[in-house]
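[1] would you be able to build a 3D model of this:
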Amino acid sequence: MYYMPVTLILTLFASLFVAYIINPVFATSFMRHEYDEPDKQRSKRRMWRTVLVLLGISVPGYLAFAVGRSEIAFGIGNLFVFAAMMVLFYHLVLKLMINWWQEKAWPYLMEFYDRQLRFFLKGKTPYILLAGIIFLFFFTFFLVGLRKPKVLFFPDNMPNTINVFIKLPVGTDQKVTDSVTKVVEKRINGVLGKNNPNVESIISNVAASAGEGGMFDRTASSEKGKVTVNFVEYKNRQAGINTTDYLDKFRHAVKGIAGAEITVAKNAMGPPTGKPINIEVTAENLDDLIKEAEAFKNYLDSIQVPGVEELKMDFEAIKPEIVLKVDRTRANIEGISTGQIGLEIRSAVFGLEVSKYKEGEDEYPIQLKYSKVTRDNINNLLNTKITYRDMNSGQLRSIPLSAVASIQYSDTYGGIKRLNLKRIITISSEVLSGYTANDIVPQITKLAAAFPKPDGVELSLTGEKVDQQEAASFLSFAMMIAIGLIFFILISQFNSLSKTLLILSEVFFSVIGVLLGIVIFNMSISIIMTGLGIVALGGIVVRNGILIVEFIDTLKERGYKTREAIVQAGKIRMTPVILTASATILGLVPLAIGLNLNFVSFFTQLNPHIHVGGDNVMFWGPLSWTIIFGLSFATFLTLIFVPSMYYITYVMKVRLARRKSNKAARRLLSR
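    Numbering: from 1, shown residues only. The predicted model follows:
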């Protein structure tokens, strides 16, 4: 830290030296514009004045750092030195490059564009271009079907958290669940290794907050456990580490634990959705429902559909229970009701509020119940005495509970769920790494359609599939509304149906760029993020099309012929079209590749912590690449396709007008 200011000052002088060396080279090769000598001198004096002022402001920051070792003061000093370097870079290097670009490169590009546009406006070339774009549009969809990119609901992420859910038979003691959870935790530790630098923490839950519902599942179930592995942030992980690989390793490690259903899942991107594979079996008759649900689950297990982790049913067919059977005849003889017996048992086990304890404004209930030794032993509970007033004689009596009731151990259903008044059982599973729900669900749909089932039993695939369909229909509806609004606005602006359809065609054909980019770079299609990108792309593309068409009309009003108006409008509007497209594309590149840079640490510690990737790029990357691919192709459409289509519509209107005039002339001659 002591040498940082000295190092930065030396870097500044080194950059000055390099700038002075390359300055004559730029000045010669780029043919700098010759300004008057007094203007040059004034510009240089202003430059050096600005640099010296910035360096002077940085000195107090360095002095404060030397005295108090304050990183903030050091960062302020570095900030002004960096600003001085940028001023020098602009005047000695960047300004010369800008002059070369404006005076040499850009005029050459405009002349090149002029020649190409005139070529596409000759003879039948516009019609060939239109046919080529239409062919490319359908050929792109053919390529997508041939390549079959992965279709995801939300982008697939590299997990920051992996949860291992443990489920034992209903009624399992919490201590047993805890012992099984410890076994699972030990196996997971064996996979991760000791002191793994990529792991932040490993947390185990038993009973409380151990369900698969996440933060929404607050119920405490003694048969459930969970082991959560939290990884460090992406930027702090070792290079080349993909936490997705741990999913399959964990699944393999926790296999073979008898009596336990174990599910390994990662944290998902976006809002919570249904399971990737979710099959709902509905029926009115409960016996048929249970039988067919188990049969279909066993049928799928026998086929072993690739990508399915493990199918699980949410129906508990065997739930142990203790039934307290009341001998009603004996109870009547003893003069006690079944309600009194039930209330006595409930008070003994769960307690009865007998009073309240007040402390200031707070009240605390006082619960009276049997001791833990009595509550946890069913025989002790049966031998407890019930004191009551005899219904027959009105006397106070006391008898043991076993005199009027007996205990029976049995099994029952864990719970019956209903959907639209029909009983329902859900069969669900996670998806293995390398597979998507859209790869597996169509196969299960075919198997469900061919599976023999009795009347009244229905099989339907829901979960993430339903969410996908709803999201896709919503985005399609939003796109139709957007196009409809754009259509009415364009109609009101141009008062021409042909020009409106011309501009809207650019929106549809810009999808070619999106799909080609996905196919060429082998990317996945995210229904949500790619759909949002296409909707956003429509607004940008329409704006550029309006720039060209509107200016062509303006030049025609000024007296230009149609072909020349198209060429001149394209050349003049080429600058804003290219400028807005390139600015949008370059602005989205950091978001698309996940470029991360810490400006605070860059100035305070001279360490910007630059890294590429992370959760942001996994989520926002598909949206950014959609706009980048689509806008790149749409720029070609704006500069070449739209002018050509404008010329085609003009020629067609002229021909129609001539035909009408010829028909009118023939009618006059025939008279």
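
[2] per-domain residue ranges of the protein.
    As assigned by automatic domain parsing, the chain contains the domains 4-107, 121-153+469-662, 158-267, 276-317+414-461, 323-412.

[3] just tell me which of the ones you listed ends up closest to residue 668.
    With Cβ to Cβ as the measure, domain 121-153+469-662 is the member of the domains of the chain nearest residue 668 (10.7 Å). From N, CA and C alone the C-beta is placed, and that goes for glycine too.

[4] on that earlier part again, columns mean pLDDT, distance to residue 668 and mean neighbour count on top of the domains of the chain, output as JSON lines?
    JSON lines is the format used below for the domains of the chain (pLDDT from 0 to 100; distance: least, Cβ to Cβ, whole Å; neighbours: other Cβ atoms under 10 Å):
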{"stretch": "domain 4-107", "mean pLDDT": "71", "distance to residue 668": "53", "mean neighbour count": "14"}
{"stretch": "domain 121-153+469-662", "mean pLDDT": "87", "distance to residue 668": "11", "mean neighbour count": "17"}
{"stretch": "domain 158-267", "mean pLDDT": "83", "distance to residue 668": "78", "mean neighbour count": "16"}
{"stretch": "domain 276-317+414-461", "mean pLDDT": "83", "distance to residue 668": "66", "mean neighbour count": "16"}
{"stretch": "domain 323-412", "mean pLDDT": "83", "distance to residue 668": "97", "mean neighbour count": "13"}
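
[5] who does the nearest residue in space to residue 318 that is not next to it in sequence form a beta bridge with?
    Excluding the flanking residues, the one nearest residue 318 by Cβ to Cβ, 6 or more residues apart in numbering is residue 411, at 4.8 Å. In this entry, residue 411 is beta-bridged to residue 320, by DSSP bridges.

[6] isn't residue 411 right up against residue 316?
    No - in this structure residue 411 lies outside contact range of residue 316 using Cβ atoms under 8 Å: 9.7 Å.

[7] could you pull out the helices for the stretch 201-350 of the chain?
    With helices called from DSSP state H, counting those that start in this stretch, the stretch 201-350 of the chain shows them at 245-253, 286-303, 328-334, 338-350.

[8] can you list these in CSV and add distance to residue 607?
    Formatted as CSV, those follow (distance: least, Cβ to Cβ, whole Å):
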stretch, distance to residue 607
helix 245-253, 29
helix 286-303, 54
helix 328-334, 81
helix 338-350, 60
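
[9] nearest to residue 113, of the domains of the chain?
    Closest among the domains of the chain, using Cβ to Cβ: domain 121-153+469-662, at 5.9 Å.

[10] with adjacent residues omitted, what lies nearest to residue 522?
    Closest to residue 522 by Cβ to Cβ, 6+ apart is residue 149, at 7.1 Å.

[11] contacts only, for the one you found.
    Contact analysis of residue 149 by Cβ atoms under 8 Å, 6 or more residues apart in numbering lists 518, 519, 522, 523, 524, 525.

[12] any idea how far residue 147 is from the first one?
    I take that to be residue 518. Remark: distance between residue 518 and residue 147 (Cβ to Cβ, to the nearest Å) = 8 Å.

[13] picking up where we left off before, would you turn the domains of the chain into CSV with distance to residue 114?
    Putting these into CSV (distance: least, Cβ to Cβ, whole Å) gives the following:
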stretch, distance to residue 114
domain 4-107, 10
domain 121-153+469-662, 6
domain 158-267, 48
domain 276-317+414-461, 47
domain 323-412, 84
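
[14] with secondary structure and distance to residue 432 as added columns, please give the contacts of residue 149 in CSV.
    Below are the contacts of residue 149 laid out as CSV (DSSP: H, G, I helix; E, B strand; the rest coil; distance: Cβ to Cβ, whole Å):
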residue, secondary structure, distance to residue 432
518, helix, 23
519, helix, 25
522, coil, 20
523, coil, 21
524, coil, 16
525, strand, 20
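
[15] from the residues you listed, which is closest to residue 326?
    Distance to residue 326, by Cβ to Cβ, is smallest for residue 524 among the contacts of residue 149, at 62.4 Å.

[16] how much space separates the closest one from residue 258?
    From residue 524 to residue 258 the distance is 38 Å (Cβ to Cβ).

[17] then residue 96?
    77 Å.

[18] now the residue nearest to residue 522, what's its secondary structure?
    Classification of residue 149 using DSSP: H, G, I helix; E, B strand; the rest coil returns coil.

[19] next, give phi and psi for it.
    Note on residue 149: backbone dihedrals following degrees, to the nearest 10 are phi -70, psi 160.

[20] likewise for residue 614?
    Per degrees, to the nearest 10, the backbone of residue 614 is at phi 120, psi -180.

[21] and the nearest residue to it once chain neighbours are set aside, how far from residue 654?
    Leaving aside its sequence neighbours, residue 614 sits nearest to residue 234 (Cβ to Cβ, 6+ apart; 4.0 Å). As for residue 234, its distance to residue 654 is 61 Å (criterion: Cβ to Cβ).

[22] kindly report the same for residue 526.
    Distance from residue 526 to residue 654, by Cβ to Cβ: 46 Å.

[23] what of residue 266?
    Distance, residue 266 to residue 654, using Cβ to Cβ: 63 Å.

[24] with residue 494 instead?
    Per Cβ to Cβ, residue 494 is found 18 Å from residue 654.

[25] apart from its neighbours in sequence, what residue is nearest residue 584?
    Nearest to residue 584 is residue 631, by Cβ to Cβ, 6+ apart, at 6.0 Å.

[26] and that neighbour, what element?
    Secondary structure from DSSP states H and E places residue 631 in helix 615-636.

[27] dump that helix to CSV, keeping only the CA atoms.
    Extracted in CSV, the C-alpha atoms of helix 615-636 (Å, rounded to 0.1, in the frame of the first residue of the first chain):
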residue,chain,number,x,y,z
ASP,A,615,-25.7,-15.8,-11.6
ASN,A,616,-26.5,-12.6,-13.4
VAL,A,617,-25.3,-13.9,-16.8
MET,A,618,-27.2,-17.1,-16.3
PHE,A,619,-30.4,-15.2,-15.8
TRP,A,620,-30.1,-12.2,-18.0
GLY,A,621,-27.8,-13.7,-20.6
PRO,A,622,-30.6,-15.2,-22.8
LEU,A,623,-32.5,-11.9,-22.8
SER,A,624,-29.3,-10.0,-23.8
TRP,A,625,-28.2,-12.4,-26.5
THR,A,626,-31.8,-12.4,-27.9
ILE,A,627,-31.6,-8.6,-28.4
ILE,A,628,-28.0,-8.7,-29.7
PHE,A,629,-28.7,-11.4,-32.3
GLY,A,630,-32.0,-9.9,-33.4
LEU,A,631,-30.8,-6.3,-33.5
SER,A,632,-27.7,-7.3,-35.5
PHE,A,633,-29.8,-8.9,-38.2
ALA,A,634,-32.5,-6.2,-38.0
THR,A,635,-29.9,-3.5,-38.8
PHE,A,636,-29.3,-5.2,-42.2
